[in-house]
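>>> Show me how the following folds:
(chains A and B, ligands or ions: 2)
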Amino acid sequence: MGIGRLVIKEILHRRINFFSGLVSIILSIAVLIGVLFTLAMLDQQTARVLAEKEKETVARMEALQDDYRKIMKLLGFNLLIIPQNQKLADYFEEGQVREYMPAYYAERLADARLVTIQHILPSLQERIYWPEKNRTIILIGASGEIAAADARLREPMLAAVPRDHAVIGYELARSLRLKPQDSITLLGHTFTVQNCNEERGSKDDISIWIDLQQAQQLLKRPEQINAILALKCHCHGNDIDQVRRDIAAILPGVRVIEQTSKVLTRAEARDRAKEEAAAALAAEIANKKRLRSELERFSSLLTPLVFLVSAIWLALLFFVNVRDRRSEVGLLRACGASDRKVMSLFLIKGLIMGLLGALLGYLLGAVIAVMRNPDSRLIDVVNIPLLGLALITAIILSLIASWIPAFYAARQDPALILREE
Amino acid sequence: MLQLQKISKIYWKQGHCIIALPPADLTVGEGEFIAVRGASGSGKTTLLLIAGGLLHPDSGHVLVQGKDLYQMERGDRAHWRSRNIGFVFQQYHLMPYLSVLDNVLVPQLAAEIGGLEERAVELIHHFGLASRQFHLPFELSAGEKQRVALARALLLKPRIILADEITGNLDPHNAGIVLRFLHEFVDQGGSVVLATHDAGAAAQAHRTLSLSIEKNMIGTE
Ligand SMILES: Nc1ncnc2c1ncn2[C@@H]1O[C@H](COP(=O)(O)OP(=O)(O)OP(=O)(O)O)[C@@H](O)[C@H]1O
Ligand SMILES: [Mg+2]
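Numbering: from 1, shown residues only, chains lettered A, B, ... in the order given. Ligands and ions are numbered 1, 2, ... in the order given. Okay, here's the model as predicted:
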């Protein structure tokens, strides 16, 4: 018979003593592990939310960027250069320019290399009657971007509509049931539909875009344009007046109209969305942090208290056990057992209690913490470092609590015990 | 083999001096059966505890093989006790949660020796407890308990049995059985010191040491 067997038989014999000790260890360890689990899960959550929000933000930014590009390509400009003699009142009323200027103005502007102007798009547009289809449209002749000398670094903003091709506005395409590759005849000339635009809710929906030179021929306006779109994408500031003055110096007899730039608005919206997302994220993280620190503060008080109470309770139970076993200790002494042997009776019991308490307490704490957290899985219960911590803490707790009673047991006077009836 | 020289024990209680054991001499030789007699409170148990190295005397010496037992280290004394002394008590001191067999094996645990299971089973058979081997103490009669205690004391083949009132709880029949086992042990060369106030039991001893109670009523301070 080994000492382990004796200890186990004693445990089974005095079950209540053992189990009340075990329960107190289980509870302490469950509190410790539950708290640590919850803290770890909060951290995990924070990290996950951070990653998710970041992904979300990136996706949203990408979507916005995409919009931005589309708008830039099709509508985006913030300066419209039109002939000076165009009456503004008429322009704003009709939404179109009825005066003309030389086509070379665009090249001249490009050659001037105004750094704030990124893209220069000349166009000729006119409201016309489309005899073949019996309706009024806006015909827009657009060349591709005019390349300035240093434009090679810049992405072209607008692919020109190739000759004999046409881009059809939404309303026209819908009512005439046009789709890419269809042929249309316009003022006696045949065009292939290159593309049909999506709905924009503007006069664009009844517009047709064709090559600038072809438009000039069809409209009998050779070498003429009536507008230059100057897209100034990277200029946020208030130097618009400067730009306006620069342009006026280069191109005599033009009027520069500042458009409420959808591009800028979009860009601003994007920046604002980004800021908002960042602020929301920061708030969420701050909230999580606050929750965490509150829990941490609370548990940094609770956990030691639980452990202290548990240690006192355990020590008490061990003292009771030592008292109950005076006769055993006396007999072991009479048989020549060493102090070490007598102490080991109680310390081994404490060790078993600690081991069992650690495992069960770990399970209890981990399972409760995991179950209380809706987005963790049961597999998260397995956490080797925390299990190790539970084992070490429980064993230290039970050994400290059983050591003093064990020492007391070993120091008892056997003569006194053995004389007892 | 074991020599008690003028050993005495005094307790002080609230200024009163209680002489638990007046100075006594006793030499225990090989194969001797010695009875220690005296009324209750005369110091029989005290003498046995001192002889067994469990209680420091206030005077005198306990010599084993020429060495003073109480000059030894605590651990050495425990070791000596485990190899030389078999204690048997009136109260049995059985571990309530261990079977008869395991109870008999307890000294092997205390002495940190292994491999005595066979001897334990032999002893159990010898003491007529074969059918009780796996029973718990509460299932045994007083006589059986005392036989288990005796078997336990004999496990490590001690040279001396120190028996304190071991027939005190037994009927004459069972007392007779237990005393027969003590005789058997003596016949095999062991020594027995039996504390008893039972005249019948004392009569079976080779020698008797009488402790008188009057002597320890002396003096107050
Ligand atoms: N720790 C102690 N403190 C004070 N007095 C004690 C102590 N231990 C023993 N005594 C006293 O010493 C005396 C001898 O006790 P002891 O137990 O040796 O007697 P005993 O002869 O064995 O008696 P019994 O036959 O009743 O067992 C008793 O009067 C007892 O009260
Ligand atoms: Mg006594």
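>>> Is A:G350 in contact with A:A394, as I believe?
No. Judged on Cβ atoms under 8 Å, A:G350 makes no contact with A:A394 at a distance of 10.0 Å. (C-beta placed from N, C-alpha, C; glycine too.)
>>> Are we agreed that B:M95 is in a strand?
No. Under DSSP: H, G, I helix; E, B strand; the rest coil, B:M95 falls outside any strand and is assigned coil.
>>> element containing the closest residue to chain A within chain B?
Using Cβ to the nearest Cβ, the closest approach of chain B to chain A is made by B:S82 at 2.5 Å. For B:S82, the host element (DSSP states H and E) is helix B:74-84.
>>> For B:L55, what are phi and psi?
Note on B:L55: backbone dihedrals following degrees, to the nearest 10 are phi -140, psi 120.
>>> where's it relative to ligand 1, distance?
Using Cβ to the nearest ligand atom, to the nearest Å, B:L55 is found at 9 Å from ligand 1.
>>> Identify the residues contacting that residue.
Taking Cβ atoms under 8 Å, 6 or more residues apart in numbering or on different chains, we find B:L55 in contact with A:415, B:9, B:46, B:49.
>>> Now that the second one has come up, it's in contact with B:T46, right?
Yes. The pair B:K9 and B:T46 qualifies as a contact (Cβ under 8 Å) at a distance of 5.0 Å.
>>> Need the residues touching each of the two.
By Cβ under 8 Å, 6+ apart, B:K9 and B:T46 have these common neighbours: B:20-21, B:55.
>>> Show the contacting residues for A:A415.
So A:A415 contacts B:49, B:54-55 (Cβ under 8 Å, 6+ apart).
>>> any idea which element the residue of the stretch 151-300 of chain A found nearest chain B lies in?
Per Cβ to the nearest Cβ, A:S299 is where the stretch 151-300 of chain A lies closest to chain B, at 39.6 Å. Secondary structure from DSSP H and E places A:S299 in helix A:262-324.
>>> Would the helix or strand that that helix is followed by count as contacting ligand 1?
Reading on from helix A:262-324 to the C-terminus, the next helix or strand found by DSSP H and E is helix A:326-334. No. Interface with ligand 1: helix A:326-334 contributes nothing (Cβ under 6 Å from any ligand atom), its closest point being 13.7 Å away.
>>> Let me see the residues that make contact with helix A:326-334.
Contacts for helix A:326-334 (Cβ under 8 Å, 6+ apart): A:322, A:341-342, A:345, A:409-410, A:412, A:414, A:417-418, A:420, B:52, B:54, B:78, B:81, B:85, B:87, B:89, B:91, B:93, B:95, B:106, B:109-110.
>>> ok, the residue of chain B closest to chain A - contacts?
Neighbour list for B:S82: A:335-337, B:107, B:110-111, B:156 [criterion: Cβ under 8 Å, 6+ apart].
>>> If I look at it, what pLDDT would I see?
B:S82 carries a pLDDT value of 93.
>>> what's the answer for the one 4 residues further on, then?
Each residue has a pLDDT score; the one for B:G86 is 95.
>>> just the strands in chain B please.
Secondary structure of chain B by DSSP state E: the strands cover B:2-13, B:16-28, B:33-37, B:59-64, B:67-68, B:85-89, B:160-164, B:191-196, B:207-210.
>>> for the record, mean pLDDT for the second one?
Going back to what we said before, that points to strand B:16-28. 90.
>>> Check the last one too.
Per-residue pLDDT over strand B:207-210 has a mean of 91.
>>> Can I get that strand in PDB, CA atoms only?
What follows is strand B:207-210, C-alpha atoms only, in PDB (Å, rounded to 0.1, in the frame of the first residue of the first chain):
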ATOM      1  CA  ARG B 207       8.800  -9.900  35.800                       C
ATOM      2  CA  THR B 208       6.600  -7.100  37.100                       C
ATOM      3  CA  LEU B 209       7.400  -3.500  37.600                       C
ATOM      4  CA  SER B 210       5.000  -1.900  40.100                       C
END
